[in-house]
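S.K.: Sequence isn't available, so here's the structure alone:
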């Protein structure tokens, strides 16, 4: 087990009707906030009205900035920074999913920084301070509600890049699973693919002897798989929605990374896909992750055997570890298909070969990817071909 | 799943040589601290010298208070409160295990309270503020290093009582698994019984539909069991020591209680045992917990079947859930015996019947115990008889 530091102070306020506490929770920090959200969906569902009512009752005034898109854009972040400065705002309330929260984090850190906020995403500067952030979560997926990371797309060149810093971890996050009932089955399953990918990026490590973390990862994956199947049959089942929502937070609050180095090659390859084709992040991961697995499993077959046996209950004879490993990968792919997710690039609407070389170049622009196996440009091309 | 709030901001600094960071970490909060510890063991192992050197190098001065006993006493807490006030101390550094940390928490909350600190333990007052606390942990057991609870024994009547409050959660805890190498096998296994009990108190809940929390509990129990066996054979194996130490924190930082109400009857019964006979807490739990299980399992046989199958790999035919449940309990008891722990009161040195009625009276003094099954005086007596 590697040495590590683990600290995560985000207050998770979880359960039915908890979104009605947003005013009281926000008022503990600020009386003048920016509400940040996406398109019209929170207005259609009535969530917007509930939030505004709760804030108003708690004496919190606000300015709002909507229009966050999936794969959130730098230009809107810059507008948010201007708005906060203009209106003396010292708290950002993100109402939405990972894109909204990531955008809010970028605004929160940008307001207190004199340079260009993209400096943090292009590794030119390291964030030291941010405005406090509150969250009302509307989709279980990105885990951004308790993570120290944010991913933003710079329209100038369509670069999609992430940053991490303790100061951007939300102060509180309100998780009401009922708010996810309005998602389509596809949106829900894309979120679950994202959750599972966050676990798998940490699970496939080259560090050995990390038993508890392995088992916590396996517990989270099994929960995601079983409850996805329940939601597939019965989309509004509260208990299954709740399991998925809590799993989404645990998957990415870094508990599952304690004692090890994660991989993250699949995430980086997917960033290039969704940077160019604007595909949903989780759908891109459902395509890239199995392809990455097929490409790298020989690096450490035993780890893939453990994945197959403990997560997917593969029960083949022990004489061929490779057969067990491949069956585990097959079951992951088959599960994604069963949940209506794409598992090949063409199902994602990505044409063969068109931008493969460009994507591979951009993916390794800051150096080789991954830790389980170091991935260079040629490896990215192989993985993309396996995803065809 | 029940609604819940989860927040735990303790910084865990984990791994080899991390105790050498204590000065730097402490200096972030205070330059004048109370070092609180137990008997001479930290002097024999050299830990005391390392801590003093690290503090001195970081410019931190200190007053010290040693002499914490297992089942820490109110009188020493009161002495610590006096010392802190006399020397204007605003930070408590606990170097030791659960007893030292619990005593430090009582001092930390008592310094800022005008009344008698026992008020918090007798439910007469609720703690609102405490001095910050740092920890250098020397045994994996109580989980006090990241918990919001403290248990103190009042010599006046030998009442052992607990309190819980967010403000007493340590600010940072340094966990170096190597520091646990100097423990005897018995001390190590008593600690592991305590860890497992913290998980089981939460596992045996009457709440249904709490899949992820169940699986995280099972993951932690399996880790504890497997790594206890490794330590039994090879006491200084770093990786196994590390797994147990991290499991000890996870077991009691309340992650494993999310979405449910725990039971805690076994802990309360054990408190009376160790209050009167001063037996090690974990050893008392190894005796009480299986007895409690035998008494209550019929309340929800399916839960005990899940425990047997998922934690102990019981693989009996499904026609008799009761047989599976009982086999799980038997394997727990047998595991404790295998690890050199007592599983009957006489092995603990507790004479039959002598104080049973007195202990049962005290155990239910504030009302019936437990949630999985409500436990009244007669039930406590039955459980004690099953432990004979």
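M.R.: Sure thing, it's come through. These numbers come from a predicted model, not from an experiment.
S.K.: and residue A:288, what does it touch?
M.R.: Shown in contact with residue A:288 (Cβ atoms under 8 Å, 6 or more residues apart in numbering or on different chains): A:266, A:269-270, A:273, A:383, A:387. All C-beta atoms are positioned from the backbone trio N, CA, C, and that covers glycine.
S.K.: Beyond the helix or strand where it lies, next helix or strand please.
M.R.: Assigned by DSSP states H and E, residue A:288 belongs to helix A:281-296. The element immediately downstream of helix A:281-296 (helix or strand, assigned by DSSP H and E) is helix A:301-306.
S.K.: Let me know the average pLDDT across that following helix.
M.R.: Taken as a whole, helix A:301-306 has an average pLDDT of 98.
S.K.: chain center to the next helix-or-strand element following it, what's the gap?
M.R.: Where DSSP H and E defines the elements, the next helix or strand beyond helix A:301-306 is helix A:312. Relative to the mean C-alpha coordinate of its chain, helix A:312 is positioned 23 Å out (Cα atoms, centre = their mean, to the nearest Å).
S.K.: Helix, strand, or coil at residue A:268?
M.R.: Following DSSP: H, G, I helix; E, B strand; the rest coil, the label given to residue A:268 is helix.
S.K.: in terms of contact, does it touch residue A:360 like I think?
M.R.: No: with contact defined as Cβ atoms under 8 Å, residue A:268 does not count as touching residue A:360 (10.8 Å).
S.K.: Now the phi/psi pair for the closest residue to residue A:172 other than its chain neighbours, please.
M.R.: Nearest non-adjacent residue to residue A:172, counting by Cβ to Cβ, 6 or more residues apart in numbering or on different chains: residue A:11, 4.3 Å away. Dihedral angles of residue A:11 (phi, psi; degrees, to the nearest 10) stand at phi -80, psi 120.
S.K.: Can you tell me the number of residues neighbouring residue A:11?
M.R.: Counted with other Cβ atoms under 10 Å in any protein chain shown, residues neighbouring residue A:11 total 18.
S.K.: I'd like the distance between it and residue A:132.
M.R.: 11 Å (Cβ to Cβ, to the nearest Å).
S.K.: same question, residue A:339
M.R.: From residue A:339 to residue A:132 the distance is 36 Å (Cβ to Cβ).
S.K.: likewise residue A:387?
M.R.: Counting by Cβ to Cβ - residue A:387 and residue A:132 are separated by 40 Å.
S.K.: higher neighbour count, those two?
M.R.: Legend: neighbour count by other Cβ under 10 Å for residue A:387 and residue A:132, higher for residue A:387 (26 against 20).
S.K.: Surely residue A:146 touches residue A:252?
M.R.: Yes: the pair residue A:146 and residue A:252 qualifies as a contact (Cβ under 8 Å) at a distance of 7.1 Å.
S.K.: Surely residue A:78 touches residue A:110?
M.R.: Yes: taking Cβ under 8 Å as the definition, residue A:78 is a contact partner of residue A:110 at 7.5 Å.
S.K.: So for these two, which residue has more residues nearby?
M.R.: Shown here are residue A:78 and residue A:110; by other Cβ under 10 Å, residue A:110 has more neighbours (26 against 16).
S.K.: Can you tell me the element the more buried one falls in?
M.R.: Going by DSSP H and E, residue A:110 is part of helix A:98-111.
S.K.: Residue A:174 now?
M.R.: When elements are assigned from DSSP H and E, residue A:174 belongs to strand A:172-175.
S.K.: List the pairing partners of that strand within its sheet, with orientation.
M.R.: The partner list of strand A:172-175 in its sheet, established with DSSP bridges, is strand A:4-14 (parallel), strand A:133-137 (parallel).
S.K.: Pick the most deeply packed of those strands.
M.R.: Mean neighbour count (mean count of other Cβ atoms under 10 Å in any protein chain shown) peaks for strand A:133-137 among the strands paired with strand A:172-175, with a mean of 30.
S.K.: Any chance you could list what contacts that strand?
M.R.: By Cβ under 8 Å, 6+ apart, the residues outside strand A:133-137 that reach it are A:19, A:22, A:25-26, A:29, A:33, A:47, A:51, A:91-97, A:101, A:104-105, A:108, A:144-145, A:168-176, A:179, A:245.
S.K.: State the mean pLDDT of it.
M.R.: On average, the pLDDT along strand A:133-137 is 98.
S.K.: what angle do the helix or strand following it and helix A:98-111 make?
M.R.: Where DSSP H and E defines the elements, the next helix or strand beyond strand A:133-137 is strand A:149-154. Strand A:149-154 and helix A:98-111 are oriented at 90 degrees to each other (axes from the mean of the first three to the mean of the last three Cα atoms, to 10 degrees).
S.K.: so what's residue A:238 closest to, chain neighbours aside?
M.R.: Nearest to residue A:238 is residue A:177, by Cβ to Cβ, 6+ apart, at 6.2 Å.
S.K.: neighbours around that neighbour, how many?
M.R.: Burial of residue A:177 is recorded as 23 neighbouring residues (other Cβ under 10 Å).
S.K.: on that earlier part again, select, out of the strands paired with strand A:172-175, the one closest to residue B:126.
M.R.: Ranking these by proximity to residue B:126 (Cβ to Cβ) places strand A:4-14 first, at 18.9 Å.
S.K.: tell me the mean pLDDT for the next helix or strand after the closest one?
M.R.: Per DSSP H and E, strand A:4-14 leads on to helix A:22-27 as the next helix or strand towards the C-terminus. Averaging pLDDT along helix A:22-27 gives 98.
S.K.: Show me what whatever helix or strand comes next after helix A:22-27 is packed up against.
M.R.: Where DSSP H and E defines the elements, the next helix or strand beyond helix A:22-27 is strand A:32-36. With contacts taken as 3 or more Cβ pairs under 8 Å, 6 or more residues apart in numbering or on different chains; DSSP states H and E, strand A:32-36 sits against helix A:47-57, strand A:61-65, helix A:74-86, strand A:92-96, helix A:98-111.
S.K.: Looking at those, which is nearest to residue B:124?
M.R.: Closest of these to residue B:124 is helix A:47-57, at 34.3 Å (criterion: Cβ to Cβ).
S.K.: Show residues contacting the closest one.
M.R.: In contact with helix A:47-57 (Cβ under 8 Å, 6+ apart) are residues A:19-24, A:26, A:33, A:35, A:37, A:42-43, A:61-62, A:93, A:95, A:136, A:138, A:179.
S.K.: Then stretch A:292-311?
M.R.: A:203-206, A:214, A:218, A:221-222, A:225, A:265-266, A:269, A:314-315, A:321-322, A:324-329, A:331-332, A:370, A:372-373, A:379, A:382-383, A:386.
S.K.: Filter those to keep only those in contact with chain B.
M.R.: A:218, A:222 (Cβ under 8 Å from any Cβ of the partner chain).
S.K.: hmm, which of the contacts of stretch A:292-311 are the buried ones?
M.R.: Burial by neighbour count, judged by 16 or more other Cβ atoms under 10 Å in any protein chain shown, picks out A:203-205, A:214, A:218, A:221-222, A:225, A:265-266, A:269, A:314, A:324-329, A:331-332, A:370, A:372-373, A:379, A:382-383, A:386 from those.
S.K.: For residue A:277, give me phi and psi.
M.R.: With angles defined as degrees, to the nearest 10, residue A:277 sits at phi -100, psi 0.
S.K.: How is chain A divided into domains?
M.R.: A:11-178, A:184-386 (automatic domain parsing).
S.K.: one step back: find residues that contact each of residue A:11 and residue A:132.
M.R.: Common contacts of residue A:11 and residue A:132 (Cβ under 8 Å, 6+ apart): residue A:171.
S.K.: that older thread, of the contacts of residue A:288, which is the nearest to residue A:115?
M.R.: Nearest to residue A:115 among those, counting by Cβ to Cβ, is residue A:270 at 28.4 Å.
S.K.: Let me see the contact set for the residue most central in space within chain A.
M.R.: In chain A, the C-alpha nearest the mean C-alpha coordinate belongs to residue A:142, at 2.4 Å (Cα atoms, centre = their mean). The contact partners of residue A:142, by Cβ under 8 Å, 6+ apart, come to A:97-99, A:101-102, A:191, A:194, A:248, A:252, A:281.
S.K.: sorry, back to before: these two touch, right, the residue nearest to residue A:238 and residue A:248?
M.R.: No: Residue A:177 is beyond contact range of residue A:248, at 10.2 Å (criterion: Cβ under 8 Å).
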